[in-house]
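Asker: how would this look folded up:
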Amino acid sequence: MDNDRWSFVGFLILSLLLTYQCQSVFNWIKGDNHSKVQNQIDLIENSNCRAKSKADLTLPRNTVSQIPKFNELRSKIYYKNRTSLVQMHNMALNRAMFYSYIMQKLNSSESFLIQPNWLQIGMSVTADMNGNKDIFNGSMVAFDNNCYYPNWMTNLNFNNTLPLFAAKSWRADDTFDMGVFLREPTGRTNVVKDLGSGANMNYTNEAFKMSPWYKFWLPDLKSDEDSTLKFTYSVKIKYSNVTGKFIHDEFETTNFFGPNSPGQSDKDERLLPVRFTDPYFDCGNSNYWVLSAAAPIVDYMPRYSNFTHLRRPRFVGVVTMDMHFQEIDYNSCPASIGNPGPCHLCGVARCKTVTTGCKHKSGRGFRRGSYICQCKSGHHYPWDVKGPYLGTDLEKATEEEYIHSYECIRTDFLRVPPVVENTEPVSFEGGSSGKFQTEGIQRRALKSVVDGRESLERVRVRRDENEEKEKKKKRRKRSTNFDEVAIDKMMKIFKKKAAVTKDNCHTMSPSALELPGSVAYGADKQFEMQARMALRISHFISNFMQNTAPDENFGYMKGGGRLHYEHLFGEVIANVMSDFKIVSSGIFYEPYVFEDINGKSREFFGPLAYKADGNYYAIDTAGLKERYTDADWYRVIKERWQTNTKGVLKYRMKNLIRSDINGTSTIKHEHYPMGYWAPSVGDGYWTRPVFKCDGRVDDWVVTYVVPFIGKNGIKKTLHFKGMVTVDVPLDYLDINQCTQPFAIANAFKNTARCDYRTQTCSQISGYKFTRGNYKCACKRGFEYPFKDGREWVQGSLIELEYQKKQQGLFNLYDAMRCRVSGASGVSYSVLTIAFLIVVSAANMVGLL
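Answerer: A predicted model of the protein is given here:
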């Protein structure tokens, strides 16, 4: 027994002394900046965030890169992985423009009671959220210390301010709310809270952890930078209070101070009208990691004073739009021209840089593997691989798989496109303007038979028709999937569009001012963010009309009252001032629906804002001779929604208001939650492209129209009350020329000139309304034959070469196809060959 005991002890000691390390097949994956950010995110929860420092609640700077900037929106192409950030930028600027305009327009003691009140502001931030569902997670209007004059508190004297006031809305989890029978979150419930109330909620305090936006512009106590950081805007307005007639024939000019408008050469971030925070944890509110876009509100301060020389435009508040950080795409490829830094997460992709290049993959948010590895120029995929290599596959590959796979094969015997000397102009119709774009096209220089240097004049002759047909028979035909009839129709569309201008549109028939509806294919996706600007107003008006009464009060807090016409003018003006793609925007009420402050109904009321020649204008279309109710787009929407409101969804707003003037605590509103019915973005209607020959827009546009819904007099049934519109120029639309099924109504489909036997077609963004915005990439088993730094053929180059071919000039059109991919080398085994020789010899002997 003693020997057994000592043997067991010796075995334990030996086991402790001998240590073996087992290598995992995933040990090759090392930590990086993505791992550090993910670890920081995992450590913070709503249960421990209050005890964490501000540094722990903020992610490293430049974690989100390629931030949209106001003075680069027109000159840079922002792809779909940044469209949500551009919408955040535009919406923050939109609301800052609105509040700056309305607070300065109604900056008098006579207009004090018709300024936006607490309920209108709460409904506005709710509309920001629901109008941009699945994009925004929060919206807020926050005012600085003693900068907000409430007109809705009956126990606060006139010309007094609140210490703090901020209406913040965020999306709430309504899984277990009453009315949610499926017990699944709907994304249609928002919490609206007055952040100026409650304990430890002073967002102006340096120690407050959830207000990184405050330091951008606030507090604004000095006037030495007013001319640098604030900009003077001018709007020309025509009002009407009688149908068919304006109050004044001339425009009334309204000037107001708003967020800055820097030029393209200004690089200082302080001059931008919209700035983005670093990602931070919204502790105590939404309890998510968010990114905020902030824009300042400008007002004259002090507001009501006889000493007007003491007043100055001052930043009095900030508008913010929040988005879930983990829903924002990041580019994990190395920093480059297409992925400019600074970028905290650049370079975390695991592509093999020798033969493959990294390309971002949109729509995955903050997840690993949001990239693809595609072959570099001069390389192609193995014949058994359908490229590109997915980042998700690389991230979960074993070490052996990573070492022996995910590479491309070198392409040998590459050709170099010929360099020619002489140039000759060729007309190439782009379709984006009424003129033809003429470019210098190079013509082949033929060698002389004398000294090899003299160039011969190439003489173009008209060949006999039979000779031309015979030549086409001898040449290997290009595999085509494009439709020549469709190409002819496309060219007619371009010519028809170019033939109409603002100078001659008055002389043309109505049919000449319209294009087929299939021309606007893709507008619902490409202009979705512009449509959501109209949808936001629709949600705001629908909520207001369904949940307010003119004389309703809630204790010491006045109710919603009535919307003043200046509020609605401000909404459409903010639309055209905040988004350069929106050329006009309007709100059109049904007859006798809109009521003035005095309770009288107007027959027509339709504020319309537009921009022309670099200026902003607004008119009440009720003053025009023609009635907007007779327009085609109005009749279409009215016929759909007048008798049947089926399809609208219910949204809920949970109001948390202050208990007293000082905001000692937060309490629930009397109507908690407050529900309303409103349409979705898909319920709107896109018109066919038309040339608006009205002396205002005078351009080809597509119009988005969406209704707003109210209730009848006893608040029981839903009724159609009017609609909101936005006009977007047709020139901003990217056309799609690639092959598509018969059922898809696209006027430009099947017009791309790719060689479909060896190539595939895909659309390229950023070319706007012009042909050639596609690329022809090689199919599986084929390789790109040219050594020019590319991996695919650009559609505009193919269109240009085809135009040269049509004119009898030297061209590369028939060479712009992919070739069958081959191996970079051949290897063989001597033993295998010897074995095959022996077997063959044995078989021959057997036959004999």
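Asker: remind me, longest helix of the chain?
Answerer: Longest helix in the chain, counting residues (DSSP state H): helix 83-105.
Asker: the helix or strand following that one - contacts with which helices or strands?
Answerer: Per DSSP states H and E, the first helix or strand lying C-terminal to helix 83-105 is helix 118-130. Contact here means 3 or more CB pairs under 8 Å, 6 or more residues apart in numbering; DSSP states H and E; on that basis helix 118-130 packs against helix 83-105, strand 138-143, strand 165-171, strand 189-194, helix 528-547, strand 649-658. Glycine gets a C-beta too; all of them are placed from N, C-alpha and C.
Asker: can you put those in CSV and add mean neighbour count, mean pLDDT and distance to Asn331?
Answerer: Formatted as CSV, the helices and strands packed on helix 118-130 follow (neighbours: other CB atoms under 10 Å; pLDDT from 0 to 100; distance: least, CB to CB, whole Å):
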stretch, mean neighbour count, mean pLDDT, distance to Asn331
helix 83-105, 24, 95, 13
strand 138-143, 26, 95, 24
strand 165-171, 25, 94, 26
strand 189-194, 24, 93, 31
helix 528-547, 25, 96, 21
strand 649-658, 21, 92, 34
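Asker: touching, Thr204 and Asp144? I think so.
Answerer: Yes. Judged on CB atoms under 8 Å, Thr204 makes contact with Asp144 at a distance of 6.5 Å.
Asker: ok, Tyr813 - how many residues close by?
Answerer: Residues within reach of Tyr813, counting by other CB atoms under 10 Å, total 19.
Asker: wait, doesn't Gln264 sit right on Phe70?
Answerer: No. Assessed by CB under 8 Å, Gln264 is found out of contact with Phe70, at 9.8 Å.
Asker: okay, those two: which has more neighbours?
Answerer: A count of neighbours by other CB under 10 Å puts Phe70 above the other of Gln264 and Phe70, at 23 against 11.
Asker: identify the contacts common to Thr204 and Asp144.
Answerer: 218-219 (CB atoms under 8 Å, 6 or more residues apart in numbering).
Asker: neighbour count winner among the two?
Answerer: Asp144 (25 against 18).
Asker: how much space separates the more buried one from Tyr214?
Answerer: Going from Asp144 to Tyr214 by CB to CB, to the nearest Å gives 8 Å.
Asker: which residues are common contacts for these two?
Answerer: With CB under 8 Å, 6+ apart as the test, Asp144 and Tyr214 both reach Thr204.
Asker: quick one: stretch 313-332 to chain centroid distance?
Answerer: Put simply, stretch 313-332 sits 14 Å off its chain's centre (CA atoms, centre = their mean, to the nearest Å).
Asker: in which helix or strand would I find Ala841?
Answerer: Element membership of Ala841 [criterion: DSSP H and E] is helix 830-847.
Asker: before we move on, what about Phe231?
Answerer: strand 230-238.
Asker: list the neighbouring strands of that strand plus their orientation.
Answerer: If you go by DSSP bridges, strand 230-238 pairs up with strand 252-259 (antiparallel), strand 615-620 (parallel).
Asker: what's the mean pLDDT across the first one?
Answerer: With pLDDT averaged residue by residue, strand 252-259 scores 94.
Asker: identify the residues contacting it?
Answerer: With CB under 8 Å, 6+ apart, strand 252-259 has contacts from 93, 96-97, 100-101, 104-105, 230-239, 273-274, 295-296, 298, 313.
Asker: switch to 6 Å and redo it
Answerer: With CB atoms under 6 Å, 6 or more residues apart in numbering as the test, strand 252-259 has contacts from 96-97, 100-101, 104, 230-237, 273, 295-296, 298, 313.
Asker: now the shortest one
Answerer: Surrounding strand 615-620, the residues in contact under the criterion CB under 6 Å, 6+ apart are 235-240, 569, 573, 607-610.
Asker: only the buried subset of the residues you listed, as a PyMOL command please.
Answerer: The PyMOL selection below is limited to those of the contacts of strand 615-620 classed as buried (16 or more other CB atoms under 10 Å):
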select buried, resi 235+237+238+239+240+569+573+607+608+609+610
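Asker: TSV for the contacts of strand 615-620, including distance to Arg635?
Answerer: What follows is those, written out as TSV (distance: CB to CB, whole Å):
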residue	distance to Arg635
Val235	30
Lys236	30
Ile237	28
Lys238	25
Tyr239	26
Ser240	22
Phe569	25
Ile573	26
Pro607	20
Leu608	18
Ala609	23
Tyr610	22
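Asker: out of the contacts of strand 615-620, which is nearest to Ala172?
Answerer: Using CB to CB, Ile573 is the member of the contacts of strand 615-620 that lies nearest Ala172, at 31.6 Å.
Asker: quick one on the thing from earlier: now for the strands paired with strand 230-238, which one comes closest to His671?
Answerer: strand 615-620 (32.5 Å).
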